[in-house]
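>>> What follows is a predicted protein model with its sequence.
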Amino acid sequence: MKLLLVDDEPLELEQLTYLVKKEFPNWEIYTAEDAFEARQLLNSHTFPLAFVDIELPGDSGLSLCKYVREQEYKTEVVLITAYQDFTYAKQAIHLQVLEYIVKPVIAKELYKVIHQFLTKHNYTETNSELINRVLDIIRQEFHEKLQLAEVASRVFVTPTYLSKKFMEEVGIKFTEYVNQYRIEKAKHLLIDQPEISLFEIAERVGFSSQHHFSNSFKKIEGTSPSKYRGKRS
Amino acid sequence: MINSTIFSSIIILCLLLPIIALVMLSILKLLEQEFDYLQMENKQIQLEKQLQQMEYVQLSQQIRPHFLFNSLNAMMSLARLNRNEDLINSMEKFSLFLRYQNKDKTSLVLFEDELEHTNNYLTIQQLRYGTKLVVEYLIDPKAFPTLLPPYTLQTFVENAFKHGLEKKRGQKKLLIELERHGNWVVLRVTDNGDRELMIDPKHEGTGLANIRKRLELLFELNTEVSIKRKGDTTEVKAIWPYTPEEAK
């Protein structure tokens, strides 16, 4: 996974890189010292997560955050600050930041935020770079038709090898994982957007039919999508 | 008879008048002294008040938790990255920085001590910004032995960070100059930060006003504290009479 760190202090970038690498050695970490550099990186890479210092030279961290929202990047932003200022917190909520961490950086707090992000986006990380790349593809294209053979050719391995390796690393079959991932996404949609139909949800998360969606949902959740929605709302 | 009464009255008057005059004169002189003394005392009290106010500003507003937390964070980075020697060095500097703040101060201190205090502060900033921060010194040895009100240089340097350098992209430059012009000393702190509003005297903040006030109270001769924009840089300047330790 690609992670973006934005802070004007080189030492702080080093510290954050060190802390993240310690727990997530496979992550690809990109650093920027101001909003200008960060915007350039955001334009050329896809970052699921970014840590941004509020106090940046030039444009502030909050305005960078605004830019991320305006460009509709799917980047979750965690703000870092030396202030415990309520006005910042209010603006941060408005800009839909995931969390807010305060300097000095406490390792436990940092990891908590990362795990919060992983849970929210149903992220799985493995020790295999190949499988991580496949997981990345699933996260980005779960709403499309995902075939094992096609994905295997994109990462330059045979379908048999990918199937075996995936089972080893993730513990479940590729198709099973994709289904579970889609159901997780569907659960969020069922609760967050009560106005959209089951048919549309099935389509949005990548199921070929509503029937297939309902069956898979029942198999994993033990209840039908409509009952699940009724219970939660 | 009449003549003798008049005569004796005149004699008494002649004797009494100088005595009365003498008494009045000495009373006046005493009053004046008392007045001078009260005036001096008043000045002393004002000076102390101003110094106290500055200490308060240093502790509460300027150094704020902001700098403390940033320092702690930088030191924690060093610890995590196993840079032991740098960590010890910065903790020492940081301790000395805090020590100066908590030391009892006179209304005038040696420039050398003030410079050391400022350097301790700058060590932490250098740690945070690394090669992006360049600090230069131009100190005239003829001016170096002077005394100055405590926190003068420190306030100038802190303001340079607070209002200019922290917001500056790329290279951050700071220049500290001390010059001697005859009987006067000129202290200049220049930064290359971007600043728009700062030249408005209403915005220069309590720091500069406090230094100006203290210089006025300390010296009867002309003193100056000013801020101005020079091209891409901001220059803060203080001028006061050269005062070496012996003259205190």
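Thanks, I have it.
>>> how about stretch B:225-233: buried residues?
Across stretch B:225-233, burial judged by 16 or more other Cβ atoms under 10 Å in any protein chain shown covers B:225, B:227, B:233. Any C-beta I mention is one placed from the backbone N, CA and C, and that applies to glycine too.
>>> for the helix or strand residue B:88 falls within, the distance to its chain's centre please.
Per DSSP states H and E, residue B:88 falls inside helix B:84-102. In terms of Cα atoms, centre = their mean, to the nearest Å, the gap separating the centre of helix B:84-102 from the centre of its chain is 23 Å.
>>> So for that helix, mean pLDDT?
Helix B:84-102 comes out with an average pLDDT of 92.
>>> Return the list of strands paired to the next helix-or-strand element following it, each annotated with direction.
Later in the chain than helix B:84-102, the nearest helix or strand by DSSP H and E is strand B:109-110. With DSSP bridges as the test, strand B:109-110 is paired with strand B:147-148 (antiparallel).
>>> Quick check: phi and psi on residue A:150?
phi -70, psi -40 (degrees, to the nearest 10).
>>> sorry, that was for residue A:50
Taking degrees, to the nearest 10 as the convention, residue A:50 sits at phi -140, psi 140.
>>> Break chain A down into its domains, please.
Following automatic domain parsing, chain A resolves into domains at A:2-120, A:129-232.
>>> and stretch A:158-178, which residues are buried?
A:162, A:163, A:165, A:166, A:169, A:170, A:174, A:176, A:177, A:178.
>>> Where helices are concerned, which of these count?
Using DSSP state H, the subset of the buried residues of stretch A:158-178 located in helices is A:162, A:163, A:165, A:166, A:169, A:170, A:174, A:176, A:177, A:178.
>>> Adding pLDDT, write those out as JSON lines.
What follows is those, written out as JSON lines (pLDDT from 0 to 100):
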{"residue": "A:162", "pLDDT": "93"}
{"residue": "A:163", "pLDDT": "93"}
{"residue": "A:165", "pLDDT": "92"}
{"residue": "A:166", "pLDDT": "91"}
{"residue": "A:169", "pLDDT": "86"}
{"residue": "A:170", "pLDDT": "85"}
{"residue": "A:174", "pLDDT": "93"}
{"residue": "A:176", "pLDDT": "90"}
{"residue": "A:177", "pLDDT": "90"}
{"residue": "A:178", "pLDDT": "91"}
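>>> which parts of the lowest-mean-pLDDT helix or strand in chain A are buried?
For chain A, counting by mean pLDDT, DSSP states H and E, helix A:86-94 ranks last in confidence among helices and strands (a mean of 75). Buried residues in helix A:86-94, defined by neighbour count with 16+ other Cβ under 10 Å: A:88, A:91, A:92.
>>> Same question for stretch A:146-154.
Under 16+ other Cβ under 10 Å, the buried positions of stretch A:146-154 are A:146, A:148, A:151, A:152.
>>> try stretch B:113-127
B:114-115, B:117-127.
>>> Quick check: nearest residue in space to residue B:115, chain neighbours excluded?
Nearest non-adjacent residue to residue B:115, counting by Cβ to Cβ, 6 or more residues apart in numbering or on different chains: residue B:153, 6.4 Å away.
>>> What pLDDT is listed against that neighbour?
95.
>>> Would you agree it is in contact with residue B:116?
No. At 10.1 Å, residue B:153 does not count as touching residue B:116 under the criterion of Cβ atoms under 8 Å.
>>> what about the longest helix anywhere in chain B, average pLDDT?
Secondary structure assigned by DSSP H gives helix B:2-57 as the longest helix of chain B. Across helix B:2-57, pLDDT averages out at 84.
>>> After it, which helix or strand is next?
In N-to-C order, the element after helix B:2-57 by DSSP H and E is helix B:64-80.
>>> In terms of secondary structure, what does that next one contact?
helix A:10-23, helix B:84-102, helix B:111-129 (3 or more Cβ pairs under 8 Å, 6 or more residues apart in numbering or on different chains; DSSP states H and E).
>>> Just to check, residue A:47 is in contact with residue A:32?
No. Between residue A:47 and residue A:32 there is no contact under Cβ under 8 Å: 10.6 Å.
>>> May I have the residues that are in contact with residue B:50?
Applying Cβ atoms under 8 Å, 6 or more residues apart in numbering or on different chains to residue B:50 gives the contacts B:210, B:213, B:214, B:217.
>>> now, which of those residues lie within strands?
Using DSSP state E to define strands, no part of those is located there.
>>> Could you tell me which residues within stretch A:10-23 count as buried?
Within stretch A:10-23, the residues that count as buried by 16+ other Cβ under 10 Å are A:10, A:11, A:12, A:13, A:14, A:15, A:16, A:17, A:19, A:20.
>>> quick one: contacts of that stretch?
A:3, A:5, A:7, A:27, A:29, A:31, A:33, A:51, A:53, A:103, A:105, A:107, A:110-111, A:114, B:73-74, B:76-78, B:80-81, B:127-132.
>>> just the CA coordinates of that stretch, formatted as CSV?
Provided in CSV are the C-alpha atoms of stretch A:10-23 (Å, rounded to 0.1, in the frame of the first residue of the first chain):
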residue,chain,number,x,y,z
PRO,A,10,12.6,16.2,7.9
LEU,A,11,13.2,14.6,11.3
GLU,A,12,9.5,14.1,11.8
LEU,A,13,9.2,12.5,8.3
GLU,A,14,12.0,10.1,9.4
GLN,A,15,10.3,9.3,12.7
LEU,A,16,6.9,8.6,11.0
THR,A,17,8.5,6.5,8.3
TYR,A,18,10.3,4.5,11.0
LEU,A,19,7.2,4.0,13.1
VAL,A,20,5.1,2.9,10.1
LYS,A,21,7.8,0.6,8.6
LYS,A,22,8.2,-1.1,12.0
GLU,A,23,4.6,-2.4,11.8
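>>> pLDDT (mean, whole number) over that stretch?
pLDDT averaged over stretch A:10-23 gives 91.
>>> Please state the offset of that stretch from the chain centre?
Here stretch A:10-23 is found 20 Å from its chain centre; the criterion is Cα atoms, centre = their mean.
>>> Please report phi then psi for the residue nearest to the spatial centre of chain B.
By Cα atoms, centre = their mean, chain B has its centre lying nearest to residue B:149, at 3.1 Å. Dihedral pair for residue B:149: phi -60, psi 140, per degrees, to the nearest 10.
>>> residue contacts, it?
So residue B:149 contacts B:51, B:107, B:108, B:109, B:211, B:214, B:215, B:218 (Cβ under 8 Å, 6+ apart).
>>> ok, now residue B:94?
B:71, B:75, B:120, B:124.
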